[in-house]
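Asks: Just to be clear, the model below is a prediction. Sequence and coordinates:
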Amino acid sequence: MDRFAVSVFPIAKLDEWRSFVGSIERGERAEPHRAFLRRLGITHEHVFHLATLDGDVMVLVHEGVGQDEIAGKMGDFIQNPQSDHERFIATHVIPEVHGVDPTAGPPPETEKVATIDAG
């Protein structure tokens, strides 16, 4: 069974998003963010920026959780943030930086279509 999940979010404010990512990677929000990831069962978080014709998007790859788990875990975190950092993500980062309504429900599930072994 795969133990990773992929999520895609729009980025409404690219400069603020980059600053936030820097703060969670090695800045003042690094330890609170790692605690947040551990609470969700995520062992590694990979953050990507993708510039598309329709605008900027963030692609998250979370290791340690399955695709079938992530929507429920993210929904629970938005409904019940456990720290100031989680509240900041739920009330500022998601609605303001990403431009996503956190009350609209979980993002659509990513469908795995194929695994291709190059070996």
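Replies: Arrived safely, thanks for sending.
Asks: wait, doesn't Pro81 sit right on Ile94?
Replies: No. Using C-beta atoms under 8 Å, Pro81 is not in contact with Ile94; the gap is 10.8 Å. (Glycine included, C-beta is placed from N, CA and C.)
Asks: Nearest residue to Arg18 in space, please, no chain neighbours.
Replies: Spatially, and ignoring its direct neighbours in sequence, Arg18 is nearest to His49 (7.8 Å; C-beta to C-beta, 6 or more residues apart in numbering).
Asks: What residues does the residue nearest to Ser83 when sequence neighbours are not counted make contact with?
Replies: Spatial nearest neighbour of Ser83, chain neighbours left out: Pro32 (6.1 Å); criterion: C-beta to C-beta, 6+ apart. The contact partners of Pro32, by C-beta atoms under 8 Å, 6 or more residues apart in numbering, come to 83-85.
Asks: from the residues you listed, which single one is nearest Ala12?
Replies: Nearest to Ala12 among the contacts of Pro32 is His85, at 20.2 Å by C-beta to C-beta.
Asks: pLDDT averaged over whatever helix or strand that closest one lives in - what is it?
Replies: Under the criterion of DSSP states H and E, His85 resides in helix 84-88. In this model, helix 84-88 has an average pLDDT of 97.
Asks: Next, the buried residues of that helix.
Replies: 85-86 (16 or more other C-beta atoms under 10 Å).
Asks: So which residues make contact with it?
Replies: Contacting residues not belonging to helix 84-88 are listed as 29, 32-33, 35-36, 77, 81 [C-beta under 8 Å, 6+ apart].
Asks: mind listing the strands for the protein?
Replies: 4-10, 44-52, 55-63 (DSSP state E).
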